[in-house]
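S.K.: could you look at this predicted model? Sequence included:
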Amino acid sequence: MNAVYDFFIKEWYFSIPLVIMSLIAAALVIWRVLLNNTANTDLDDFLPHFQRTLRKGGVKAAVAACKEEKGLIPSRLFVAGLEAADQGAAAMRRSMATENELEIVPRLHFLLAPILAIAKIATMVGLFFTVISMINTFNAIGEGASSGKAKEIGGHASKIGLALFATALGLFTAIPLVFSHVLFKEWITKFEIKVKSSSHKLITLVTNYKKDPALLDEEEEGDVEEDDDGKNKKKGTLKKGAKKG
């Protein structure tokens, strides 16, 4: 504990920059976690409400309902697709692809570059401070040996262990950041798959609505049946066929 105290108090010009980077890194990670939670939408709860709104109020009502949501998929992706619904499925697909590339993806990657940068810089800064401290320590040992002050050599040698605290603090900052960065990248990959699936779902819903709004009722019933056992799945399929017949 004394060595830690000496590092943070006596070697404050080394410890303060590393502590500041650690605090900034923690703030960035927490900020990114909050943004991830805001970007998410429970589509299992939202899509039934969206289908009812589209069936009863049309595209304009569906756009208004999507804008009220905080998640990126309804508020950005669905709105972009619905605003191009009058021009057909191909226009919806292009509009959602553009929205995903220019708006959604940059938002998903926001703060990832600074997080990774601090992780790399903290490691290098900690090593740099350690090297500087060890150079000064060895110079002092050399001067003490040449002047015959053998008693002071042991005191200077103990500072070598103190110098390594800079590297340890840099790694203490970098390791959680690298781990967080990997988790964020994995979350982004899954979210992008969710975006593609939601795009196809929206095009299907709007196409069915234009053909016959009653088709949305059939699809919603089919979704409910799929949550039950095998007999109900089969029943939902037969029900659709009976209506079509």
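M.R.: Right, received. Where do you want to start?
S.K.: now whichever strand or helix holds residue 208: mean pLDDT?
M.R.: Using DSSP states H and E, residue 208 sits within helix 150-211. When pLDDT is averaged over helix 150-211, the result is 84.
S.K.: distance from the chain centre to that helix, please.
M.R.: 9 Å (CA atoms, centre = their mean, to the nearest Å).
S.K.: mind listing what's buried in stretch 65-75?
M.R.: Buried residues in stretch 65-75, defined by neighbour count with 16 or more other CB atoms under 10 Å: 65, 66, 69, 71, 72, 73, 74, 75. In this view, the C-beta of every residue, glycine as well, is placed from N, C-alpha and C.
S.K.: of all these, which comes closest to residue 111?
M.R.: Closest approach to residue 111 among the buried residues of stretch 65-75 (CB to CB): residue 72, at 15.2 Å.
S.K.: still on that earlier bit, quick one: which two of the buried residues of stretch 65-75 are the most distant?
M.R.: Across the buried residues of stretch 65-75, the longest distance by CB to CB is 15.4 Å; it joins 65 and 72.
S.K.: this structure - how does it break down into domains?
M.R.: Here the domain assignment for the chain is 2-211, 212-245, based on automatic domain parsing.
S.K.: pull out the buried residues from the helix or strand harbouring residue 57.
M.R.: Take DSSP H and E as the rule and residue 57 turns out to sit in helix 43-67. The neighbour-count check on helix 43-67 (16+ other CB under 10 Å) flags 43, 46-47, 50-55, 59, 62-63, 65-66 as buried.
S.K.: how far does the following helix or strand past that helix sit from the chain's center?
M.R.: As assigned by DSSP H and E, the chain's next helix or strand after helix 43-67 is helix 72. Computed by CA atoms, centre = their mean, the separation of helix 72 from the middle of its chain amounts to 13 Å.
S.K.: just name the closest of the buried residues of stretch 65-75 to residue 105, please.
M.R.: Nearest member of those to residue 105, counting by CB to CB, is residue 72, at 9.9 Å.
S.K.: what angle separates the helix holding residue 208 from helix 43-67?
M.R.: If you take axes from the mean of the first three to the mean of the last three CA atoms, to 10 degrees, helix 150-211 sits at 80 degrees to helix 43-67.
S.K.: same for helix 150-211, what does it pack against?
M.R.: The contact analysis (3 or more CB pairs under 8 Å, 6 or more residues apart in numbering; DSSP states H and E) places helix 150-211 against helix 2-9, helix 12-39, helix 43-67, helix 79-83, helix 89-99, helix 105-108, helix 112-146, helix 214-226.
S.K.: which other helices and strands contact the third one?
M.R.: With contacts taken as 3+ CB pairs under 8 Å, 6+ apart, helix 43-67 sits against helix 79-83, helix 150-211, helix 214-226.
S.K.: what is the rounded mean pLDDT of it?
M.R.: Across helix 43-67, pLDDT averages out at 91.
S.K.: related to what we said a few turns ago, most neighbours per residue, which of the domains of the chain?
M.R.: Ranked by mean neighbour count, the domains of the chain are led by domain 2-211 with a mean of 16 (mean count of other CB atoms under 10 Å).
S.K.: circling back: quick one: closest of the helices and strands packed on helix 150-211 to residue 189.
M.R.: Nearest of those to residue 189, taken as CB to CB: helix 105-108 at 9.7 Å.
S.K.: what is the mean pLDDT for that closest one?
M.R.: The predicted model gives helix 105-108 an average pLDDT of 95.
S.K.: contacts for it?
M.R.: Contacts to helix 105-108, defined as CB atoms under 8 Å, 6 or more residues apart in numbering, come from residues 35, 39, 72, 188, 191, 192.
S.K.: need these in a markdown table with distance to residue 18, can you?
M.R.: As requested, these are exported to a markdown table (distance: CB to CB, whole Å):
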| residue | distance to residue 18 |
| --- | --- |
| 35 | 26 |
| 39 | 31 |
| 72 | 35 |
| 188 | 29 |
| 191 | 33 |
| 192 | 35 |
